[in-house]
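**Q** Dropping the sequence and predicted coords here.
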Amino acid sequence: MSIQITEAAAAKVKEIIASSADQLAEEGNPGAETRLRVAVKGGGCSGFSYVLDLTAENAGEYDEELEVHGVKVLVDQKSLLYLEGTVIDYVSEGPMREGFAFKNTKHHSCGCGSSFSV
């Protein structure tokens, strides 16, 4: 699988996972191993959008699983076709401009930067 996650992105994911431990316990999953699910869905002004979600689910039949910088990542096979070569980073350019950034030279971003086309 050719998805890369920078150390900055992995550190932010770990921070979010740590802060969500109480919520997982409330949902009946105390101590569950949390994974980052990365996916692509249709939508946005360019046709596709990236999706990040936390899950306590194990890898399904059509999922690929990898571990990067201590973060377990799940990607479904269909999304993986669009995510090949993608680098996920966490950028902080001041208090109003921070978040996860997806970089892939094969994709063309829209003007708003929240969707892409192939």
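**A** Okay, I see it.
**Q** Would you map the strands across the protein?
**A** 4-5, 35-42, 48-55, 63-68, 71-76, 87-92, 98-103, 108-109, 116-117 (DSSP state E).
**Q** out of those strands, nearest to Lys14?
**A** For the strands of the chain, proximity to Lys14 was assessed by CB to CB; strand 71-76 is nearest, at 6.4 Å. Any C-beta I mention is one placed from the backbone N, CA and C, and that applies to glycine too.
**Q** and the residue lying closest to Gln77 once chain neighbours are set aside, how far is that from Val75?
**A** What sits nearest to Gln77 in space, not counting adjacent residues and going by CB to CB, 6 or more residues apart in numbering, is Tyr62, at 5.0 Å. From Tyr62 across to Val75, the span is 10 Å (CB to CB, to the nearest Å).
**Q** How much space separates Val68 from Gly43?
**A** Val68 sits 26 Å away from Gly43, taking CB to CB as the criterion.
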